[in-house]
Each structure stands twice: as structure tokens, then as C-alpha cells.
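Enquirer: what follows is a predicted structure for the sequence shown.
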Amino acid sequence: MTRKVHIKTYGCQMNVYDSQRMADVLAPIGYVPSDEAEGADLVILNTCHIREKAAEKVYSELGRLAKLKSERDGMMIAVAGCVAQAEGEEITRRAPAVDIVVGPQAYHRLPQMIAEIHRGAGRALDTEFPALDKFDALPAESGQHGIARFLTVQEGCDKFCTFCVVPYTRGAEYSRPAASIIAEARRMAETGAREITLLGQNVNAYRADGPDGKDWGLARLVRALAEIDGLARIRYTTSHPRDMDDDLIAAHREVAALMPFLHLPVQSGSDRMLAAMNRKHTADDYRRLIDRLRTARPDLALSSDFIVGFPGESDTDFAATMGLIRDIGFAQAFSFKYSRRPGTPASAMPKQVAEAEKDQRLKELQDEVVRQQTAFNMSRIGSRIPVLFDRPGRHPGQIAGRSPWLQAVHVDGEAALIGRVAQVAVASATQNSLSGALVRTEAA
Ligand code: 5AD
Ligand code: SF4
């Protein structure tokens, strides 16, 4: 029997990847993906708990779904992801229409949980952190079809930044064995992937058994993946400054397929705030690290996350963050107002910053980042850059892709170029994208 499943994804790329794996695990028991909740037999919300707003969105969506469910016999609602992990049964108290609560480490159990409910179990909950590798328990990747895909290689976090829920929702750092990652990357390449982004909450802390029986770090893994036929580009995200080792820096110099773009969150430019955040590095440590990376790969473009209004942040602390942003020069950045998360050390710290102050600092920071991002994009005008085309453009006759520095690029060109790298002469730029003309196609 065919049933429809609608999966709505919130938060980070790891959730996007996990949603695909959930679709893969449900396919053998007859569930086909559907774009909308209306008419679906199973709706899964794959949730994010990182900031209060993200978690609250889930509850308002659950309100809407409860109504749908009351009009449709047999519809099931599941909450997956980090809200499921963090709040567990609390969810069914606040939203009684929810049938299944499943944490990020238990997705392979979804078919069993669905069967339990069909047998009349009422509700099913699983938020354990099992010892076994969830990736081994899930079916081999099948459902992703794009040119540029994501591959989770590491999960969890042992860093315990004082503002962050991830160490509690995703558990301890765990890295998948390299052989299983290489096999998955090969399957991806065989089914048309040209670019893979390696994902992990702390991806550069990757450390696991290699196929040679030795201990592999991320650099070693990147070098092995770069050998796979058909894979033109490799990226990785998200990284912590403390885990940026010599080998990984060298890989940026030596591995041509490793793209010159790095998302390396610093959070703040004030040493006082960095200490209170338990980041275990100073602003100058970060500056020196960026210098070394830029020496290895002079055209490296940088991205970061910033938090404004962390407890105790003064005007001087915020000025230090703005100073660091001006010193480094970012190609893009994400910035957030500090959000108090229950159970984290920072939520109990004195001197919480007023909302209006946070708003003002966020605006000032974002204005600077937009300036830098626009300047970075403009700096490509007049140059020729290799673009991996991965989708049709917005208008007929257009195709779109990404530059090595993750910029969106639009040109007039035939769809036959999708999946290939071609040279583009950049003619114009905006804050968010580049456009230009095809120069010639490479035999890539
Ligand atoms: N408040 C605001 N931003 C946060 N982040 C993580 N926790 C919080 C919080 N409590 C941001 C950090 C992190 C990104 C994924 O989310 O900048 O790097
Ligand atoms: Fe959260 Fe810090 Fe771990 Fe990143 S490194 S997931 S911000 S605790």
C-alpha cells in the first residue's frame, strides 16, 4: 500500500541530510514523499532547538497540524530532530496530537514505531543515544539526486560553549568510519554528484578508523575523497577554530578539489566574551589561524557565525567584535542575537543584555557584513571563474551554479551544462550573486 509522507525540515544542513535518510528508511514500507502536509498520512517535523525562535516555530506548526489531523482519519504526526531530543515527552503534553517523538540517533527505528502505533500503542517515543552507528542501521543513501550533495561524517559536540544546546541534543562527538563514508561518496558520484559537502557539528574534529587501520583526521578523509572519479569539488562545514590542525591547513594548499571557502565560526572578537563562552581561544588566536590559512590558500574566502548580546557584553566587547570583522574581511557571515536556552550555563549568567541593545548591535554588525559581502562579490567582476552548474536558472535559457567561493552565479546557457564546470566571465555582482557570460566548457 502506498502512503504519503511529508517531511518539513528546520535548522541546519545536518537536518536536511537526516530528512533524506528518514525518507530512505520509510520508502521500503511504502511511504512516498509529498510536498505538502495536506493529504499526507504521516507528517514529520525535523526540528531545531538552537535558538528559542526555532523551537517555538515547531509548536505553532503543530497547532496547525492538529487541526489537519482532526479532519483526516489515520494521519500521524511525528516530531524528530533536536526539539524531540531536548524536550521528549514534554512535546506530547504541549501538543497531544503528536504520535511519535524520535531523536536524531533513532531514525532507523521509525518503521518499528509506526508499526507500534498501527497496532494501537497510542504513542511512541525514542530519544536514546544508542551505542551502534545509526548510519549502519539506515539503508544505503538512495534518494538524493542533486549535483551538489551533503554527507554527514561526524555528529555531536564535546565543546560545551556556554550558550549552546548542541552537546545536550546531539550528544558526544562521534565520527563515522572512513570506509563507510568513502563508499557513500562513491555511490553519490556514480549517481551524478559532482560536489560533496562533508557535514558535522564539529566536522574538523573528525577522527575515526581509516580503511588502512590507522587513525584518520578530516584532512586524510578529504584527500581520499578527492581521488573519487567524477567528484570535482569538496567542502566541509561546520568547524571549530581549535580543531583546525596543520594537516587540514596543508590540505587547503595541496588538494585542488578542496574549495577555497571556509565557514569558521568565531562568535565574538572580545577575549572576555570568548572566555565566558568557553570557546578556549582568543581573538588573536583566530587572527593568527586565518593568517596561516590564507598563507596556505591565498584566495580562501571566509565565513563565520557571530552572537551579539551574550550576557555581560559591553559596548567595548561589541566594538572588539566589529574590529575583528573589519580586520578579517568576510565573504559572508551569519549573526544572531543571544537566545537564552534552558539548561545551558549562559542562561543562568548575570547581566543579560536588553533586547533593544541586542537589536541595535545586530543591525550594526549585519550592515558591516552586507558591505563586506557586496565588496567581495564585486571584487570578482572582470575575472574568469570556474562555475559548477547545478540547476536551471530563474528565467528560461538561464542556468545557475556556484563559484569556488560559494557565490551563486547566473548565466545564459543550455541545460546540458548542468553537472559540469565551465568558465564564466563575471560581468556584474550584487550582494547575493554574480552574473556573466560563459567563456568555454571544460571537459570536466
Ligand atoms: N543564541 C544565539 N545563537 C546561538 N548559536 C548557538 N546557540 C545560540 C544561542 N543560544 C549560534 C552560534 C552557532 C550557530 C549555529 O548558532 O553562532 O555557531
Ligand atoms: Fe555548540 Fe560550541 Fe559545539 Fe558549536 S562548538 S555545536 S557552538 S557547543
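Expert: Alright, I've got the coordinates. Ligands and ions are numbered 1, 2, ... in the order given.
Enquirer: got the buried residues for stretch 92-105?
Expert: Under the neighbour-count criterion of 16 or more other Cβ atoms under 10 Å, stretch 92-105 has 92, 95, 97, 98, 99, 100, 101, 102, 103, 104, 105 buried. Yep, even glycine has a C-beta here, placed from its N, CA and C like the rest.
Enquirer: phi, psi of the one residue in the stretch 251-400 of the chain that gets nearest to ligand 2?
Expert: With Cβ to the nearest ligand atom, the shortest gap between the stretch 251-400 of the chain and ligand 2 falls at residue 265, namely 6.9 Å. Main-chain torsions, residue 265, degrees, to the nearest 10: phi -60, psi 140.
Enquirer: confidence score at it?
Expert: With respect to pLDDT, residue 265 scores 98.
Enquirer: what helices and strands are in contact with the longest helix anywhere in the chain?
Expert: The residue-count maximum for a helix in the chain (DSSP state H) belongs to helix 355-378. In this structure, helix 355-378 makes packing contacts with strand 301-308, helix 315-328, strand 332-337, strand 421-429, judged by 3 or more Cβ pairs under 8 Å, 6 or more residues apart in numbering; DSSP states H and E.
Enquirer: please name the residues that touch the residue of the stretch 251-400 of the chain closest to ligand 2.
Expert: 238, 239, 240, 241, 304, 305, 306 (Cβ atoms under 8 Å, 6 or more residues apart in numbering).
Enquirer: any idea which of those is closest to ligand 1?
Expert: Closest to ligand 1, out of all of those and judged by Cβ to the nearest ligand atom, is residue 305, at 3.3 Å.
Enquirer: including mean pLDDT, could the helices and strands packed on helix 355-378 go into JSON lines?
Expert: Shown next, in JSON lines, are the helices and strands packed on helix 355-378 (pLDDT from 0 to 100):
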{"stretch": "strand 301-308", "mean pLDDT": "98"}
{"stretch": "helix 315-328", "mean pLDDT": "98"}
{"stretch": "strand 332-337", "mean pLDDT": "97"}
{"stretch": "strand 421-429", "mean pLDDT": "98"}
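Enquirer: looking at these, which is buried most?
Expert: strand 301-308 (a mean of 22; mean count of other Cβ atoms under 10 Å).
Enquirer: so that strand versus helix 315-328, what angle?
Expert: Counting by axes from the mean of the first three to the mean of the last three Cα atoms, to 10 degrees, strand 301-308 lies at 170 degrees to helix 315-328.
Enquirer: for ligand 1, tell me which of the contacts of residue 265 show up nearby.
Expert: residue 305 (Cβ under 6 Å from any ligand atom).
Enquirer: how about the helices in the protein?
Expert: 13-26, 52-70, 81-87, 90-94, 110-118, 134-137, 166-169, 178-190, 218-225, 246-254, 271-276, 283-296, 315-328, 355-378.
Enquirer: now, of those, which is deepest in the fold?
Expert: It is helix 81-87: most buried of the helices of the chain by mean count of other Cβ under 10 Å, with a mean of 26.
Enquirer: for it, packing partners?
Expert: Against helix 81-87 (3+ Cβ pairs under 8 Å, 6+ apart) you get helix 13-26, strand 42-47, helix 52-70, helix 166-169.
Enquirer: go ahead and name everything in contact with it.
Expert: Counting by Cβ under 8 Å, 6+ apart, 10-11, 15, 18, 45-50, 55, 58, 91, 101-104, 127, 165-166, 168-170 sit against helix 81-87.
Enquirer: try 7 Å this time
Expert: 11, 15, 46-49, 55, 58, 91, 101-104, 127, 165, 168-170 (Cβ atoms under 7 Å, 6 or more residues apart in numbering).
Enquirer: just the ones in strands from the buried residues of stretch 92-105, please.
Expert: 100, 101, 102 (DSSP state E).
Enquirer: so who does the first one touch?
Expert: To tie it back to what came earlier, the one meant is residue 100. Here residue 100 is in contact with 76, 78, 113, 117, 124 (Cβ under 7 Å, 6+ apart).
Enquirer: pLDDT-wise, what's the bottom of those residues?
Expert: residue 124 (84).
Enquirer: need the buried residues of stretch 92-105 in CSV with pLDDT and distance to ligand 1, can you?
Expert: Formatted as CSV, the buried residues of stretch 92-105 follow (pLDDT from 0 to 100; distance: Cβ to the nearest ligand atom, whole Å):
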residue, pLDDT, distance to ligand 1
92, 92, 25
95, 94, 23
97, 95, 28
98, 96, 25
99, 96, 29
100, 96, 26
101, 96, 22
102, 96, 22
103, 93, 19
104, 91, 15
105, 89, 20
